Every structure is written in structure tokens, then in C-alpha cells.
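A.B. asks: Please work out how this folds:
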Amino acid sequence: MKNIVVCMGNGLLSEAIINMLKNSGEFKPFRVLIQKNSNIANECEALSADILLLDVSYTFGTTMETRLNEVKQVREKIPTCKLVMLCDENSAPEIAREVANAKKDGLIDAFFYSSVTEKYLTAVLASL
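C.D. replies: Here you go, the predicted structure:
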């Protein structure tokens, strides 16, 4: 069973993804709230995260700049942790391009658009 840390600004989406991951039987999900002075890298280390799933949007705490900074910190602290981003390709096509480029540049291990199916999301996460 893989430990997966879910850090999303959208609480409803976060809850739905956590329930989906829990019900798959392949993951032990943990929710980390976005807070002004929190350190996701420390929390991932404390939870022995195998995967960190972050959403990227225009909202405070989830911007691409913020997320790339968090990704860098997690990479330094836990090099084996897989880093995954989720974004909405329809309402934020600019962010979607940036996220795809982050994957292309090797900054993250995988990305998903929010329109992805539950089965595909869990299958890819399990393969990481």
C-alpha cells in the first residue's frame, strides 16, 4: 500500500479524491491542508509519503510558482517521493501548459487533467 499525500485548495475535490484512493485499496491517503506557514516537505517526510498529489490553479497557495517551490523542497528532502500535479485544462489552459512543461522538464513525475477518469488516475498512481 502506498502512502499518498493529497494537498489541494479545492476541499470538495480533495475529499472526493481521498475517498476514491481509499476505496481503491491500493493507497493510504493523507490530506494536508494549505496553510500560510506550513511546510509540505516536512509533512510528507513525517507521513513517509510515496506520492505527493498537488493541484495547480490561480488560487492562493496553489499557483504554479508556489507548487514548484514545494516540489523542489520535497525532492530535496524525500528524493524517492513521486510528485504529481493535477490541473483543469479547460478553465486554466495556461496552467495546463505549464504543468505539462514541468513534466517535460523533469520537475514532476506525472500530471493529470481534472477531467481524467477515476480508474485511469488510480492506475497511473499505482504504477508510480
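A.B. asks: hey, let's count contacts and neighbours off CA atoms from now on
C.D. replies: Will do.
A.B. asks: The one helix or strand residue 3 maps to packs against which elements?
C.D. replies: Residue 3 belongs to strand 2-7 when assigned by DSSP states H and E. Taking 3 or more CA pairs under 8 Å, 6 or more residues apart in numbering; DSSP states H and E as contact, the helices and strands that strand 2-7 lies on are helix 11-24, strand 27-31, strand 51-55.
A.B. asks: could you give the angle of the second one to strand 2-7?
C.D. replies: Translated: strand 27-31. 20 degrees (axes from the mean of the first three to the mean of the last three CA atoms, to 10 degrees).
A.B. asks: tell me, what residue is most central in this protein?
C.D. replies: residue 53 (1.6 Å; CA atoms, centre = their mean).
A.B. asks: how close does residue 113 sit to residue 54?
C.D. replies: Per CA to CA, to the nearest Å, residue 113 is found 12 Å from residue 54.
A.B. asks: Find residues that contact each of those two.
C.D. replies: residue 86 (CA atoms under 8 Å, 6 or more residues apart in numbering).
A.B. asks: out of those two, which sits in the busier spot?
C.D. replies: residue 54 (23 against 17; other CA atoms under 10 Å).
A.B. asks: strands paired with the strand holding residue 3, and their directions?
C.D. replies: Under the criterion DSSP bridges, strand 2-7 sits next to strand 27-31 (parallel), strand 51-55 (parallel) in its sheet.
A.B. asks: With distance to residue 71 and mean pLDDT added, can I get the ones you listed in CSV?
C.D. replies: Below are the strands paired with strand 2-7 laid out as CSV (distance: least, CA to CA, whole Å; pLDDT from 0 to 100):
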stretch, distance to residue 71, mean pLDDT
strand 27-31, 16, 97
strand 51-55, 9, 98
